[in-house]
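1. Pasting the sequence and the predicted model now:
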Amino acid sequence: GNSVTQMEGPVTLSEEAFLTINCTYTATGYPSLFWYVQYPGEGLQLLLKATKADDKGSNKGFEATYRKETTSFHLEKGSVQVSDSAVYFCALSDKGGTALIFGKGTTLSVSS
Amino acid sequence: DAGITQSPRHKVTETGTPVTLRCHQTENHRYMYWYRQDPGHGLRLIHYSYGVKDTDKGEVSDGYSVSRSKTEDFLLTLESATSSQTSVYFCAISVPNQPQHFGDGTRLSIL
C-alpha cells in the first residue's frame, strides 16, 4: 500500500540556519503531495502542496519539489526562525485523492 | 481558518463507557474525516464521509463508528472505550481534489 517515510527528529537548529526535512513516498499512480505544520496545541495547517512531478510548492519561505524519479518531496528553508519551531508532516493523497496518508512527523526546534 | 469546530476539546472518561466526539463545519464541504494522532505514528485515518449517510472505513477503524445525518456534522463514537483509544482526535474537511483543513483536535484520555 501507499506510505510516507520522513526523517526522524527532533531537528535542532540555530536561527538563520538552513533546514532540510527529508520525505520519501511509496505510491501507485500519481498522488498529490503535501507538507502540513502543527504548532503546539493546535491542529494541522497546510504549508504547501504539489500535484504532479516536478511541481514546486512554496509558502512562507519553505519549498518542496515533487521528484518522481526519487519518489521524494523534501522540505527546505534557507533561513529558519524561532517561530518555525513546530512539528512538520509530509503526506500524500490516497483513496482516489480524498484521504491522506501521513508520515510520522518531524519536530523542529529553532533557538535564538 | 476553515470553519471547523470540534467538541469537546478535552475529555477524560473511564474504560467501558461510550464516548461521542462531534465535528461541526460551516463550509458545506462534501468530505469529512476523522484521524487519530499518536506519538510515533503521525496521523492515521479512522473513518471518512463523502456525503450525508455515506461513510467508509480508514486504516484504524476497529472500535469506532461514525454517523453523518447532516452535511455539517460528523460524529465519531467509541461504543465501549478502551485505554488504547487514548489519543488526540482530529477532524478534517475538504472538497474534491483540494487539500484538507483540520480542526483544533480533541484530547481524549481513557482511564
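-> That came through, no problem.

2. Now do the phi/psi pair for A:Ser83.
-> Main-chain dihedrals, A:Ser83, degrees, to the nearest 10: phi -70, psi -10.

3. and it, how many neighbours?
-> A:Ser83 has 10 neighbours, counted by other Cβ atoms under 10 Å in any protein chain shown. The C-beta positions use only the backbone N, C-alpha and C, and glycine is treated the same way.

4. Skipping its backbone neighbours, what lies nearest it in space?
-> Of all residues beyond its chain neighbours, the one nearest A:Ser83 is A:Val110 (7.9 Å), with distances taken as Cβ to Cβ, 6 or more residues apart in numbering or on different chains.

5. and that neighbour, bridged to which residues?
-> As for beta bridges, A:Val110 partners with A:Leu13 under DSSP bridges.

6. Please look at it and A:Ala86 and confirm they touch.
-> No: with contact defined as Cβ atoms under 8 Å, A:Val110 does not count as touching A:Ala86 (9.3 Å).

7. Stretch A:79-92 spans what distance, first to last residue?
-> For stretch A:79-92, the first-to-last residue distance is 26 Å (Cα to Cα, to the nearest Å).

8. where does chain A have its least confident helix or strand?
-> In chain A, the helix or strand scored least confidently by mean pLDDT, DSSP states H and E is strand A:100-102, which has a mean of 91.

9. partners of that strand in the sheet?
-> Strand A:100-102 has the following sheet partners, assigned by DSSP bridges: strand A:86-93 (antiparallel).

10. For the strand it pairs with, the averaged confidence score.
-> Here strand A:86-93 scores 95 as its mean pLDDT.

11. Sounds good, over and out.
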